[in-house]
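In: Got a predicted structure plus its sequence, pasted below:
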Amino acid sequence: MLYKSELKKVPLTPCPKLREKELKDITLIAASSEAEIPKCGKVLCVDYYSAKTKELQVRFFSDGKNHVNYVVETDKWNNNYICGQRNDIRTAATDEDLCMIKHFLKTDCNSVYFESVGYGWARRTGPLAVCDGFIKQKKRDEKWNAEQRKWNLFKKRTSWFKEPGKSFERFCDTKAFKNTYIFFSNLDKKHERNCTCGHCGKSWRTKESIKHKQSTNCPKCGQKALFAERYQSSINEKITVCEPIKHDNQLALRWLIVNRWYVDSKPKFSFEPDAYTFYLNENGKQKIVSYINTVSMYYGGKNWAYKNDEVCYHEAFVFTNNVKKVFGEKYYNTDLKRALDECKEPIDFIGLLDRLKTIPQAEYLCKLGLTKLASVMKTEDYNGGHGFENVMGVPKSFLPMYKDFSVTLSEHRIIKAANGRFNAALLQKLRKYKFGYTQDPIFDVLDYMSLETLFNYINKQTALGHYGPLSVISHLKDYYKMLDYFNVPINKSNRKPKDLKESHDKLVERYNAAIQAERDAASKKALEFVNAWYNGYQKDGFCIVVPKERADFIREGQILSHCVGGEHYYKNHISGTKMIFFIRQVENTEKPFYTAEIDMTSFQVLQCYGFGDKAAPKEIKDFIKSFARYAKQTIKTKGAFESANERKAS
């Protein structure tokens with residue numbers, strides 16, 4: 001154990017005198033000593049001096065197991081590498097000192113390399129290589145030991161789950177997979193064929209005309225099935241199943257990827273763990289830990305990612321055989337097993353548990369058989385009151401459609417926006433377009449036409465070949481937005497232009513010209529505002545340049561390779577809330593150097609960066625802070641002066 005209070009008392013080892021030849025290209029000179037220190041035991045001390053000034057830079061202490069550095073300039077301690085990892089550093093010491101360091105640290109390292117992203121490799125030589133090599137190996141061992149502890153804990157927790165058995169396979173085959181298969185042969189001489197159910201295994205002969213992938217029900221077991229013609233090996237299906245358990249009164253969830261294929265008309269299964277979430281009780285406090293099987297970005301393959309205080313929101317079928325054992329007969333007044341058995345789709349199970357705990361309406365939806373919807377709806381998606389119509393904001397007659405078609409949250413929001421003008425046929429059309437989660441533009445368009453009218457309009461516009469269905473909606477929304485900007489009423493004559501692309505493009509030209517004129521006027525006004533108090537600022541070889549137009553922002557961002565050319569920086573600047581100031585060197589005011597953003601209310605420097613988002617050095621930070629103080633004082637003084645003049649005039 002190394003005690004800093006004791007290490008501070010260790011006397012300095014004098015800087016050794018080396019020949020000029022030995023000091024060529026040398027940055028640091030090392031001097032070492034060993035000492036018996038109270039509370040610490042035997043300790044190695046290596047003092048690093050500047051080769052140029054012979055001033056002490058860093059002190060390195062180690063007891064052979066641990067280490068600590070004392071940096072003279074900052075008067076701070078750390079346990080990092082001695083001189084960072086970015087640059088090549090050559091060091092020197094006497095042969096006696098170098099042997100002492102190698103012997104104490106039990107290493108024979110003469111050089112060590114550090115990989116620095118964007119900087120290639122940085123090399124250490126001499127005594128610094130020995131010390132940094134020791135630190136590097138120590139960090140590597142610590143990381144390995146930490147990974148081993150983490151892995152052992154992972155194996156211990158995942159061992160709470162048993163291997164999936166026959167009951168799990170039956171659940172997957174019967175409830176999770178949508179259907180089984182009935183394998184049939186060709187017609188024989190008697191115009192009959194053999195059929196075998198992949199679920200119950202029973203066989204029969206039939207004269208029926210059968211097509212491949214034709215849906216049916218097994219006449220022996222009643223299981224929903226598809227007819228499959230030979231080639232059983234081509235059937236390979238995959239689903240995800242979530243299995244909840246309790247271990248020592250702690251909830252644990254496992255997500256399994258289940259593969260099903262057929263051999264001799266019998267189903268075969270394989271199970272691959274995909275994620276785990278554990279609700280642990282440690283020292284009287286609940287802790288959430290998750291493990292997710294992820295694909296390595298650079299090397300391929302899969303590994304387990306550890307997530308602390310996070311849960312897995314994988315959609316999956318829930319293994320219900322042990323739900324009552326884990327959650328009891330009722331979970332927040334909900335028969336969880338019945339609700340999950342009625343749900344025929346994979347759901348966000350943790351989302352359902354959380355919502356049943358915090359949102360009362362989720363319980364009502366589960367009782368109606370809308371478990372999947374209950375697992376994703378947020379508080380703002382519900383209306384007040386009681387009953388389906390008041391809670392969901394749609395007519396009660398829509399409930400059968402919601403059950404039969406397993407309406408999703410995004411679909412429900414569109415149905416709600418349609419104000420009752422909706423039916424199952426429109427839902428099927430909506431799904432045909434496959435809008436996915438990008439359905440928000442539809443809500444704005446529904447303010448001007450019904451959903452059925454919108455679908456008919458989409459068909460006409462897609463037939464012209466300019467846009468796809470989603471592009472029609474997004475361009476129509478943009479078209480309405482521009483009409484509203486020009487205060488043009490949207491009515492029957494213009495809400496459905498015959499050629500959307502032509503009408504949209506014409507309006508865009510006019511809109512862009514108007515916006516540019518607004519920006520130019522705002523930019524001019526902002527510049528007048530700045531010029532009202534700014535008469536130039538110069539200090540320590542630096543000066544301030546105020547951007548005058550939009551092009552100045554773009555040019556600064558391109559040359560310095562950072563994001564000041566973005567639209568929001570320009571908008572904030574011309575509004576006078578958060579303004580951009582260019583920092584230049586006095587001898588070359590045309591060349592971009594650093595860029596700063598200042599909050600014009602608090603006069604705090606929000607950010608200051610150079611080329612490639614390089615952080616500003618101390619002298620630049622001091623300069624821009626002094627400018628911010630100057631701006632604050634000048635603006636307040638001018639404001640007080642103008643107020644006094646106004647009072648005199650009145």
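Out: Noted; the coordinates are in hand.
In: show me what contacts L399?
Out: L368, F388 (Cβ atoms under 8 Å, 6 or more residues apart in numbering). Any C-beta I mention is one placed from the backbone N, CA and C, and that applies to glycine too.
In: what's across from E282 in the sheet?
Out: E282 has these beta-bridge partners by DSSP bridges: K285.
In: what number of residues lie near it?
Out: The number of residues packed near E282 is 9, by other Cβ atoms under 10 Å.
In: any idea how far A374 lies from P360?
Out: 11 Å (Cβ to Cβ, to the nearest Å).
In: More neighbours: which of the two?
Out: Between A374 and P360, counting by other Cβ under 10 Å, A374 is the more crowded of the two (25 against 13).
In: quick one: pLDDT of that one?
Out: A374 carries a pLDDT value of 94.
In: And G300, by the same measure?
Out: G300 is given a pLDDT of 60.
In: same thing with G120?
Out: Value for G120, per-residue pLDDT: 59.
In: okay, and the common contacts of A374 and P360?
Out: With Cβ under 8 Å, 6+ apart, A374 and P360 have no common neighbours.
In: end-to-end on stretch 582-596?
Out: From its first residue to its last, stretch 582-596 covers 6 Å (Cα to Cα, to the nearest Å).
In: could you point out which element follows the lowest-mean-pLDDT helix or strand in the chain?
Out: Sorting the helices and strands of the chain by mean pLDDT, DSSP states H and E puts strand 111-116 at the bottom, at a mean of 68. Sequence-wise, the next helix or strand downstream of strand 111-116 (DSSP states H and E) is strand 120-125.
In: Can you get me the centre-to-centre distance for that following strand and its chain?
Out: Relative to the centre of its chain, strand 120-125 is centred 34 Å away, using Cα atoms, centre = their mean, to the nearest Å.
In: Spell out, range by range, the strands that occur in the stretch 551-650 of the chain.
Out: Using DSSP state E, counting those that start in this stretch, the strands of the stretch 551-650 of the chain run over 578-585, 594-599, 605-609.
In: Could I get those strands in JSON lines, plus columns for mean pLDDT, distance to C242 and mean neighbour count?
Out: Output for these, formatted as JSON lines (pLDDT from 0 to 100; distance: least, Cβ to Cβ, whole Å; neighbours: other Cβ atoms under 10 Å):
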{"stretch": "strand 578-585", "mean pLDDT": "92", "distance to C242": "47", "mean neighbour count": "20"}
{"stretch": "strand 594-599", "mean pLDDT": "93", "distance to C242": "47", "mean neighbour count": "22"}
{"stretch": "strand 605-609", "mean pLDDT": "94", "distance to C242": "44", "mean neighbour count": "17"}
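In: As a markdown table, these with distance to M482 would be great.
Out: What follows is the strands of the stretch 551-650 of the chain, written out as a markdown table (distance: least, Cβ to Cβ, whole Å):
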| stretch | distance to M482 |
| --- | --- |
| strand 578-585 | 28 |
| strand 594-599 | 31 |
| strand 605-609 | 33 |
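In: Those: which one's closest to F623?
Out: Comparing those by their distance to F623 (Cβ to Cβ), the top pick is strand 578-585, with 6.9 Å.
In: Between strand 594-599 and the closest one, find me the angle.
Out: Angle of strand 578-585 versus strand 594-599, following axes from the mean of the first three to the mean of the last three Cα atoms, to 10 degrees, is 150 degrees.
In: Run the angle between strand 578-585 and strand 605-609 for me.
Out: Going by the same axes, to 10 degrees, strand 578-585 makes 40 degrees with strand 605-609.
In: Check the offset of strand 578-585 from the chain's centre.
Out: With Cα atoms, centre = their mean, you get 32 Å for strand 578-585.
In: Who are the packing partners of that strand?
Out: Strand 578-585 sits against strand 542-545, helix 550-560, helix 567-575, strand 594-599, helix 618-649, with contacts defined as 3 or more Cβ pairs under 8 Å, 6 or more residues apart in numbering; DSSP states H and E.
In: got the contact list for that strand?
Out: Here strand 578-585 has contacts from 526, 530, 541-547, 552-553, 556, 564, 569, 572-573, 590-600, 606, 608, 620, 623-624, 627, using Cβ under 8 Å, 6+ apart.
In: Please list only the buried members of those residues.
Out: 526, 530, 542-547, 552-553, 556, 564, 569, 572-573, 592-598, 600, 608, 620, 623-624, 627 (16 or more other Cβ atoms under 10 Å).
In: Am I right that R254 sits in a strand?
Out: Yes: under DSSP: H, G, I helix; E, B strand; the rest coil, R254 falls within a strand.
In: residues contacting it?
Out: When contacts are counted by Cβ under 8 Å, 6+ apart, R254 touches T158, F161, C242, E243, I245, P273, A275, Y276.
In: for those, which one is nearest T13?
Out: Among those, and counting by Cβ to Cβ, the member closest to T13 is T158, at 52.9 Å.
In: Run a quick neighbour tally on that closest one.
Out: By the criterion of other Cβ under 10 Å, T158 has 15 neighbours.
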